Structure formats: C-alpha cells, structure tokens
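Chemist: one predicted model, sequence on top.
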2 protein chains.
Amino acid sequence: MHSTINEDLRAAGHRLTRTRRAVLDVLERTKYPLSASELYQRLQRNKVSIDLVTVYRTLTVLRDIGLVAQIELHQEGQARFEIQHGREHHHHIRCQTCGKIADLLLCPLKKITAFIEKETKFIVNEHTLEFSGLCPKCQ
Amino acid sequence: MHSTINEDLRAAGHRLTRTRRAVLDVLERTKYPLSASELYQRLQRNKVSIDLVTVYRTLTVLRDIGLVAQIELHQEGQARFEIQHGREHHHHIRCQTCGKIADLLLCPLKKITAFIEKETKFIVNEHTLEFSGLCPKCQ
DNA sequence: TCTCTAATTGCAAGTCTATTGCAATTACCA
DNA sequence: TGGTAATTGCAATAGACTTGCAATTAGAGA
C-alpha cells in the first residue's frame, strides 16, 4: 500500500519522509476530511511534533500528486483534505448544525459533464459537488 | 423591480440605503459573480465611496435574506456574489487558466437530492456544484 | 416638519487561514 | 562517506473576512 504512495511521490521528485508518513497515517485513520489545523492537533495528540506550516506544505504536495483530495465545503472558510488514493470518487454532505460530514458514495455527473462540454466548449477537468442540510440528530 | 427588493429588506428589519442600492446596481450590471474586493474596486471606479467593510456587511445582509447568492469556486480562496433575485437557480464553470466564469443554466440535482435524503436521513437544504476546466480560448 | 430611536457606516484593530523567505536539517544517490 | 537537493521549522507576511465603537443617517411617529 505505502509502496505505491512512495512511488507516486518519487515520480514527482519527492520523498516519503517520516513527516509525510505521519500525515498520511492520520488521514487514513480518519473517516472524514480534516482541515490543516485539525490534522495538526491530531498529530500533537499523537506526540508527533510537526509544524503547522509543514502540514500545509505536505498537504499541498500530496494533493498535487493526487494522493489526497482537497475539499471545500460551503461557507466553511477552510479547506479539508482526505485520502484519495484507492478510494472511489465521491462527494459529501455536511450538517449545518453540528458540522458532521458524511460521504456520498455516488457521482451523478458523468453525463452532465459531457453535456456541459458540448454546450460551453470548455474542457471540464474538475467539479465540486457538496450538499448541506441537517443530519438525523439535528433535525 | 427595486420595490420587491425594498420589501424583502424591510421584512427583515433592514433599509434600502444608497449604499445598498449601489452594491446591488454593480451586481446587476455584472454578468458573473464578483468577490467583495472586485465589487469594491468597481464602486471606486464609479466614484462611489463605500468602505470595504461595508461591502462585506452589505453582502452578508443581502445573502441572508436571499437577494444575493454566495458562490465559492474551487481553490479560489474568496467568496463571490451574484444577484439571485429573479434569476433561475444555476451553477458555474470557471477556466483554470484565465479565470473566466460562465453560467450553466441547469441543475441536475433534484432527483439526486431526493435520493440522498432517503439514503442518509439528512434533510438537504443547500448544494454547491461548480465545474472547472479550460475555456475555449485557453485550451 | 421635527425629533427620536434604531439601523447603518467608516475607521481601526483583530482573527483566521494560508503562504513565503531563509537557514538548518535530513534523505539518499553516487 | 560526501555532496546535493529535498525537507523542515521559525518568523514574518499576505489576504479574506470580522468585530468594536463612535459618528452618521434613515424614517416612523409626534
């Protein structure tokens, strides 16, 4: 598992350091996308001393080579990150009251993307699709 | 047209001031969503002297009563605002190279929302759907 | 029209997320 | 083992957005 991650990093001229492993470990153990500062706090709790700046830089590298996905939820004011490597493309829903984030294991946008490309003459490379509402507990 | 806007404001305990009219005017004349600072610059160009803080506060009020929509595009790092009043619900596509933003006059999410509500037991109140890619000129 | 109150605004300062410069450290290939 | 490039921490900075507060303004009622 980590061997592929290592290869992906090296292919982009990067190294799989202790720091990066620690960041990936936290992300792999968390079932929802984390912000940089949440990630930093969890590292501290695990007695892993990594500067917040390094967390940001690590997330940027991991995102740029596609191991990690950057997610922006409506009006949250901060980016979140989750492991992408080995996971299906998916989206999220967030509770407007308690902030709980759940995965949506679907993406209904393939046909729509083709339609948009025809209509707008854009080439579509990415899309963002996030829902918000009230989770069962907060209703 | 402005009469309804006025009523909406008053219903929420607000006033339609010269300042708010100026902000709405700029938004109405612009065919794509503006950030607070872009809006501020346009006001200055029009010799309308409104503090940037007031622009932020105005946009918050207009958004909260539903006259204006707040849009967040992937990795832009700033919110954008556009007139919602009298317009169809729609989404956007943004060029990753030149930043051009185009409207997509469609929303494919009604059925999907019903499905998500059934699957997750969330009540869905909002969704964000934005695309990015390359516009015809930048391909 | 005048007055009074609450909403609005500008200015200064502050908060929070994220980035950059630079020197010290570390990884790893030859 | 040495040399070089990547990585990291620390300090400073940038940028979006918010808050406190005093001054101004709108407009409802007298």
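Modeler: Sure, I can see it. Fair warning: this is a prediction, and the values are worked out from it, not measured in the lab.

Chemist: all strands for chain A, in order.
Modeler: A:34-35, A:68-72, A:79-83, A:91-95, A:101-104, A:123-134 (DSSP state E).

Chemist: residues contacting the helix or strand of chain A with the lowest mean pLDDT, please?
Modeler: Sorted by mean pLDDT, DSSP states H and E, the helices and strands of chain A end with helix A:2-11, the least confident at a mean of 86. With contacts defined as Cβ atoms under 8 Å, 6 or more residues apart in numbering or on different chains, helix A:2-11 is touched by A:Arg15, A:Leu16, A:Arg20, A:Arg21, A:Leu24, A:Val61, A:Ile65, A:Gly66, A:Leu67, A:His85. Where you see a C-beta, it was placed from the backbone N, CA and C, and this is true even at glycine.

Chemist: could you rerun that using 7 Å?
Modeler: Identification of contacts with helix A:2-11 by Cβ atoms under 7 Å, 6 or more residues apart in numbering or on different chains yields A:Arg15, A:Leu16, A:Leu24, A:Ile65, A:Leu67, A:His85.

Chemist: the residue nearest to the fifth one when sequence neighbours are not counted and A:Asn46, how far apart?
Modeler: Using Cβ to Cβ, 6 or more residues apart in numbering or on different chains and skipping residues adjacent in sequence, the residue nearest A:Leu67 is A:His85, 4.7 Å away. Applying Cβ to Cβ, to the nearest Å, one obtains 21 Å for the distance of A:His85 from A:Asn46.

Chemist: what of A:Leu27?
Modeler: A:Leu27 is 13 Å from A:Asn46, by Cβ to Cβ.

Chemist: and A:Gly66, by the same measure?
Modeler: Taken as Cβ to Cβ, the span from A:Gly66 to A:Asn46 is 25 Å.

Chemist: again with A:Arg20
Modeler: Distance, A:Arg20 to A:Asn46, using Cβ to Cβ: 15 Å.

Chemist: okay if I get the strands of chain A as JSON lines plus mean pLDDT, distance to DNA strand D and mean neighbour count?
Modeler: Putting the strands of chain A into JSON lines (pLDDT from 0 to 100; distance: least, Cβ to the nearest atom of the strand, whole Å; neighbours: other Cβ atoms under 10 Å in any protein chain shown) gives the following:
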{"stretch": "strand A:34-35", "mean pLDDT": "98", "distance to DNA strand D": "14", "mean neighbour count": "20"}
{"stretch": "strand A:68-72", "mean pLDDT": "96", "distance to DNA strand D": "11", "mean neighbour count": "20"}
{"stretch": "strand A:79-83", "mean pLDDT": "97", "distance to DNA strand D": "12", "mean neighbour count": "20"}
{"stretch": "strand A:91-95", "mean pLDDT": "93", "distance to DNA strand D": "17", "mean neighbour count": "21"}
{"stretch": "strand A:101-104", "mean pLDDT": "93", "distance to DNA strand D": "21", "mean neighbour count": "18"}
{"stretch": "strand A:123-134", "mean pLDDT": "91", "distance to DNA strand D": "16", "mean neighbour count": "18"}
